[in-house]
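Chemist: Below is the sequence, then the predicted model.
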Amino acid sequence: MNLRVPTAWFLSGNRSDSNYTVGVNNTVVGFQESEDLRIAHDVITNSILVLIILGMGCGITLDQFKLHLRRPTGVAIGLLSQTVVLPFASFALAHSLGLETEAAVGMMVMGVTPCGMMSTVFSYWVDGDVSLSFTISILSTLLAFGTIPLNLLIYSGSWTDKQFVIPYSSILVLVGMTTMPLLLGIFIRWRLPKVASVILKIGSYAGILLVALSLVMLSVLYPFMYWASWKIYIAAISYPYISFMFGYVVSALFKMENFRRRTIALETGMQNFTLCFAILEASFSHVTSDVMSVFPLLYGVNVRTAGFVFVGIYKFMEKYGPKPVLTEEAHHLKHANNHRESFRLEDQQTSKGFLDSEAAEENGES
């Protein structure tokens, strides 16, 4: 991501497209990011993200993935939200707010990208189904090879007839960055469960570090995003909460367990805004992509804040709200985060559930 100038087009007042002047008290606004700082930010955040994925992988098993593929209701809801509902919601919200062309395109591209990996650690913090989170994230990223160009073809015509360039190599990198440390974490849990429990906790703390670091660094590198118009602020702030609510309500309608509802809500609301930048930079000139990047940047800040609000509400309700009746599976998944011995119990429960589902299907066929 290499943004060079602030988005003058998004501010109130007059503008000059040729020299990026802004008619706010007749002041000319300009910004040049630090290339060294940007590179350091990218390297550090990617390294921490790999550590997070490794840590979260140490808390799950392959049998859990098999269960989600055998009973794909949660996966289907998450993928449907990502590939069908969110693109339409982005399209509708951009039109309802009357966003400028550049802001609307940035929001539209944001809406068609798959979910990001940070949703996994937030799911862990709310005692969600981490294996379901990984399943939705990986599958939505793989589907992005087709869903991104299709949705852009359907919706972007309202604002531009530009032929978008999809950075398929970036999508492959995302898949590799996710699956390799994930499989390593699963292997460590299988062979070294005591070590896995330690790495799991380290991954959780790394998630806190990454969220805090990204909030600070995005603000330092790209302060111009805070000069956006009120319409973009409304869109960037409301977008995560609308997505969270949709994911939770739909999963509740399908009678998913509470801990899976929380996971699906987070998966629905947390998009991969890094891939959004890659699409904008590959498709448009530096000047235009810089302008279009304001919404994704502001969204990147607000979605992390919204994630903490989500976690805070869950922790408050867990402590002071009515106590829900946990299923045996939800109980093991919750306590596996804190107790090494419960790894063994959870593995037994997951394997038993998988074998029971196999037996039920065989009996049904006979």
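Modeler: That came through, no problem.

Chemist: By average pLDDT, which secondary structure element in this protein comes out worst?
Modeler: Within the chain, no helix or strand scores below strand 27-28, which has a mean of 32 by mean pLDDT, DSSP states H and E.

Chemist: And for stretch 198-216, what's in contact with it?
Modeler: 44-45, 48-49, 51-56, 58-59, 118, 121-122, 124-125, 185, 188, 300-301, 304-305, 307-308, 337 (Cβ atoms under 8 Å, 6 or more residues apart in numbering). (Glycine included, C-beta is placed from N, CA and C.)

Chemist: what's around residue 92, how many residues?
Modeler: For residue 92, the number of neighbouring residues by other Cβ atoms under 10 Å comes to 12.

Chemist: what's the answer for the one 4 residues further on, then?
Modeler: The burial metric for residue 96, expressed as a neighbour count using other Cβ under 10 Å, is 11.

Chemist: Next, the buried residues of the helix or strand it falls within.
Modeler: Assigned by DSSP states H and E, residue 96 falls within helix 86-97. Residues of helix 86-97 classed as buried under the neighbour-count rule (16 or more other Cβ atoms under 10 Å) are 86, 87, 89, 90, 91, 93, 94, 97.

Chemist: Quick check, pLDDT for residue 345.
Modeler: Model confidence at residue 345, given as pLDDT, is 43.

Chemist: And for residue 100?
Modeler: With respect to pLDDT, residue 100 scores 89.

Chemist: and it, how many residues sit next to it?
Modeler: 19.

Chemist: Pull up the gap between it and residue 226, please.
Modeler: Distance, residue 100 to residue 226, by Cβ to Cβ, to the nearest Å: 17 Å.

Chemist: Also residue 126?
Modeler: 29 Å.

Chemist: quick one, which of these two is more surrounded?
Modeler: residue 126 (21 against 13).

Chemist: can you give me the strands in the protein?
Modeler: Ranges of strands in the chain, per DSSP state E, are 15-16, 21-24, 27-28.

Chemist: and residue 67, how many neighbours does it have?
Modeler: Counted with other Cβ under 10 Å, residues neighbouring residue 67 total 22.

Chemist: Give me the pLDDT value at it.
Modeler: At residue 67, pLDDT is 89.

Chemist: Tell me who's in contact with residue 82.
Modeler: By Cβ under 8 Å, 6+ apart, the neighbours of residue 82 are 114, 115, 136, 140, 147, 267, 268.

Chemist: make it 6 Å
Modeler: Neighbouring residues of residue 82 by Cβ atoms under 6 Å, 6 or more residues apart in numbering: 115, 140.

Chemist: Could you count how many residues lie near residue 148?
Modeler: For residue 148, using other Cβ under 10 Å, the count is 24.

Chemist: Would you mind measuring from it to residue 130?
Modeler: For residue 148, the distance to residue 130 - Cβ to Cβ - is 25 Å.

Chemist: where's stretch 121-128 relative to the chain centroid, distance-wise?
Modeler: Here stretch 121-128 is found 13 Å from its chain centre; the criterion is Cα atoms, centre = their mean, to the nearest Å.

Chemist: List buried residues within the contacts of stretch 198-216.
Modeler: Buried among these (16+ other Cβ under 10 Å): 45, 48-49, 51-56, 58-59, 118, 121-122, 124-125, 185, 188, 300-301, 304, 307, 337.

Chemist: Now, the residues you listed that are in helices?
Modeler: 45, 48-49, 51-56, 118, 121-122, 124-125, 185, 188, 300-301, 304, 307 (DSSP state H).

Chemist: which residues touch residue 300?
Modeler: Contacts of residue 300 by Cβ under 6 Å, 6+ apart are 218, 273.

Chemist: and it, how far is that from residue 97?
Modeler: According to Cβ to Cβ, residue 300 and residue 97 sit 19 Å apart.

Chemist: again with residue 243
Modeler: Distance of residue 243 to residue 97, computed by Cβ to Cβ: 16 Å.

Chemist: Then residue 253?
Modeler: Distance of residue 253 to residue 97, given as Cβ to Cβ: 28 Å.

Chemist: pLDDT score assigned to residue 106?
Modeler: On pLDDT, residue 106 comes in at 92.

Chemist: Quick check: which ranges of the stretch 251-366 of the chain have low pLDDT?
Modeler: With pLDDT under 70 as the threshold, the stretch 251-366 of the chain has low-confidence stretches at 324-366.
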